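1. Got a predicted model here, sequence first, then my questions.
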Amino acid sequence: MSWLFPDERKFFEHFTGIAARLTVAATLLEQALDEPSRLPAFVAEIDRVQRETDESAHDLDVNVDKLFVPPMDREDIHVLSTQLGLVAAFIGGTARRAVSLRATTRREPAVAMARIIVRATSEIEAAVGHIRTGEEVLPGVARSSGPKRKATRCGRRRWRSCSRALPIRWM
């Protein structure tokens, strides 16, 4: 009967684990941009976290197809895991771009943008942690878009300095 009524704890732990890895990757990106001399080591660590995130999202998608009654709509599960995986991919892409651009100097606008990404992923992690009960999800999502708006304002005000420091792509 376990295939009929899945253990929801494990299911939601997958989402929470994926979201926690986003915060780890964002923090590593911030450290990498803060200390460009250690950039290759941080990029390797970000790539490892990104692979773990992709594997977890894939496992989640595969396991939900095995369930007779999933705890959420299958399409919603797939969309959420895909979007969380994309955030990890954007963070990893930004770090790899810094290496390809041979970023060797610390640029405050790039570090400031990375701090905004850390705040946004922390809010995403908090919102995903509340998916099981549904409480605080919408306020968490609203808080996660605040850093995105701040990043947009930063980009508008300091486009030249931000773009010279490091091109960062965000959802």
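-> In hand now; what should we look at?
2. continuing past the helix or strand harbouring Leu39, what's the next helix or strand?
-> Secondary structure from DSSP states H and E places Leu39 in helix 39-66. Where DSSP H and E defines the elements, the next helix or strand beyond helix 39-66 is helix 74-100.
3. Which other helices and strands does the helix holding Leu39 contact?
-> helix 8-34, helix 74-100 (3 or more C-beta pairs under 8 Å, 6 or more residues apart in numbering; DSSP states H and E). Every residue, glycine included, has its C-beta placed from N, CA and C.
4. looking at this protein, which helix or strand does the model trust least?
-> When each helix and strand of the chain is scored by mean pLDDT, DSSP states H and E, helix 159-165 comes last, with a mean of 48.
5. in this structure, what spans have low per-residue confidence?
-> Counting by pLDDT under 70, the chain has low-confidence residues at 1-9, 67-71, 133-171.
6. repeat that with 50
-> By pLDDT under 50, the weakly predicted segments of the chain are 1, 3-4, 158-160, 162-171.
7. What's the local residue count around the nearest residue to Leu28 once chain neighbours are set aside?
-> The shortest distance from Leu28 to any non-neighbouring residue, by C-beta to C-beta, 6 or more residues apart in numbering, is to Ile46 (4.9 Å). Applying other C-beta atoms under 10 Å, we find 25 residues neighbouring Ile46.
8. Please work out which of the helices and strands packed on helix 39-66 is packed deepest.
-> helix 8-34 (a mean of 20; mean count of other C-beta atoms under 10 Å).
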